[in-house]
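>>> Structure, please.
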Amino acid sequence: MNRSRFSEEQKVSILEEIRSGKSRKEICSEDNISSQKILLWKRKYGETDVKEVWKLKALEDENTRMKRIIADHAMQIDILKAVNSKKW
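Predicted coordinates:
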């Protein structure tokens, strides 16, 4: 997957500049991006602000961590079941 040269926070801040009244043409020339890219970002991020993006990123990190913990516990349960099923 290609990595964007703009972080999510930068994308949202560019969209906030557009909402504050700056023209799309000015922003495109300043940041060297296409008008289509701004429309894609607008569709993806909508009316979110930078704080919401931070919260979303924190939730995604926590979700990843929780999934890892659940996978570890499921593996431990399977191991214990395998050990307990053997007749000594």
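
>>> Run through this structure and note the low-pLDDT ranges.
1, 88 (pLDDT under 70).

>>> Helix or strand: which one has the residue nearest to the spatial centre of it?
Compute the mean C-alpha point of the chain, and by C-alpha atoms, centre = their mean the closest residue is K57, 5.3 Å away. According to DSSP states H and E, K57 maps onto helix 50-85.

>>> Buried residues in that helix, which are they?
For helix 50-85, burial by neighbour count (16 or more other C-beta atoms under 10 Å) applies to V53. Heads up, the C-betas are built off the backbone N, CA and C, glycines and all.

>>> how far does it sit from the chain's center?
Chain-centre distance of helix 50-85: 17 Å, with C-alpha atoms, centre = their mean, to the nearest Å.

>>> From the contact counts, what lies against it?
Applying 3 or more C-beta pairs under 8 Å, 6 or more residues apart in numbering; DSSP states H and E, we find helix 50-85 packed against helix 8-20.

>>> what does the helix it packs on rub up against?
Residues outside helix 8-20 that contact it (C-beta atoms under 8 Å, 6 or more residues apart in numbering) are 4, 6, 24, 27, 31, 33, 38, 41-42, 45, 47-50, 53-54, 57.

>>> now do stretch 26-41
Stretch 26-41 has contacts (C-beta under 8 Å, 6+ apart) with 6, 11-12, 14-15, 17-18, 24-25.

>>> Please tell me how far D31 sits from S23.
13 Å (C-beta to C-beta, to the nearest Å).

>>> Those two: which has the busier surroundings?
D31 (14 against 10; other C-beta atoms under 10 Å).

>>> could I have stretch 76-88 exported to PDB, CA atoms only?
The C-alpha coordinates for stretch 76-88 follow below in PDB (Å, rounded to 0.1, in the frame of the first residue of the first chain):
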ATOM      1  CA  GLN A  76      -3.700 -20.400  25.700                       C
ATOM      2  CA  ILE A  77      -7.200 -21.900  26.100                       C
ATOM      3  CA  ASP A  78      -6.600 -24.200  23.100                       C
ATOM      4  CA  ILE A  79      -3.300 -25.400  24.600                       C
ATOM      5  CA  LEU A  80      -4.900 -26.100  28.000                       C
ATOM      6  CA  LYS A  81      -7.700 -28.000  26.400                       C
ATOM      7  CA  ALA A  82      -5.200 -30.100  24.400                       C
ATOM      8  CA  VAL A  83      -3.200 -30.800  27.600                       C
ATOM      9  CA  ASN A  84      -6.300 -31.700  29.700                       C
ATOM     10  CA  SER A  85      -7.700 -34.000  27.000                       C
ATOM     11  CA  LYS A  86      -4.800 -36.400  27.200                       C
ATOM     12  CA  LYS A  87      -5.200 -39.300  29.600                       C
ATOM     13  CA  TRP A  88      -2.200 -39.700  31.800                       C
END
